[in-house]
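**Q** predicted model follows, preceded by the sequence.
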Amino acid sequence: MTGTDRVNVRYVVDDVQAAADFYTTHLGFELNMSAAPAFADVGRGALRLLLSGPPSSGARSTPDDHADAGRNRVLLVVDDLDAEIARLGEEGLSFSSDVVSGPGGRQILLADPATNLVELFEPAD
């Protein structure tokens, strides 16, 4: 294995175009490439998010007993959680949780069009 400056995460999605639009429109990702309906590659900083639709090899390789989404999620650090909540609410998005506070900071969850979770996290001062 070799090291890299990019972190690659694969999300299996039902609709590649809807997922790519979600991440690029609402969460500041850039579209690196699209081969919809099978696949799209979006990025934000060091995160490369690989969106794999049903015809993609990434989706087809997932065993049936692991096909359901788990509790894993992409975490995006934000400077002002309340401002992000307001902005995304104005854009018509709804959240999958309430704001939760802990010793490390505050967070809220939202789901992409395929119900994959995204955590918005504001670190404690």
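**A** That came through, no problem. What you are looking at is a predicted structure, and each value in this text was computed from that prediction instead of being measured.
**Q** what ranges does this protein have for its strands?
**A** 7-12, 30-35, 39-44, 47-52, 73-77, 100-102, 105-111, 117-123 (DSSP state E).
**Q** need the ones you listed in a markdown table (columns: distance to Ala83 and mean pLDDT).
**A** For every residue, glycine as well, the C-beta is placed using N, CA and C. Below are the strands of the chain laid out as a markdown table (distance: least, CB to CB, whole Å; pLDDT from 0 to 100):
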| stretch | distance to Ala83 | mean pLDDT |
| --- | --- | --- |
| strand 7-12 | 25 | 87 |
| strand 30-35 | 21 | 96 |
| strand 39-44 | 17 | 95 |
| strand 47-52 | 21 | 92 |
| strand 73-77 | 14 | 88 |
| strand 100-102 | 16 | 88 |
| strand 105-111 | 12 | 91 |
| strand 117-123 | 10 | 90 |
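**Q** looking at those, spot the one closest to Ala20.
**A** strand 39-44 (4.2 Å; CB to CB).
**Q** what does the closest one rub up against?
**A** Outside of strand 39-44, the residues within contact range by CB atoms under 8 Å, 6 or more residues apart in numbering are 6, 16-17, 19-20, 23-24, 27-34, 48-53, 56, 58, 76.
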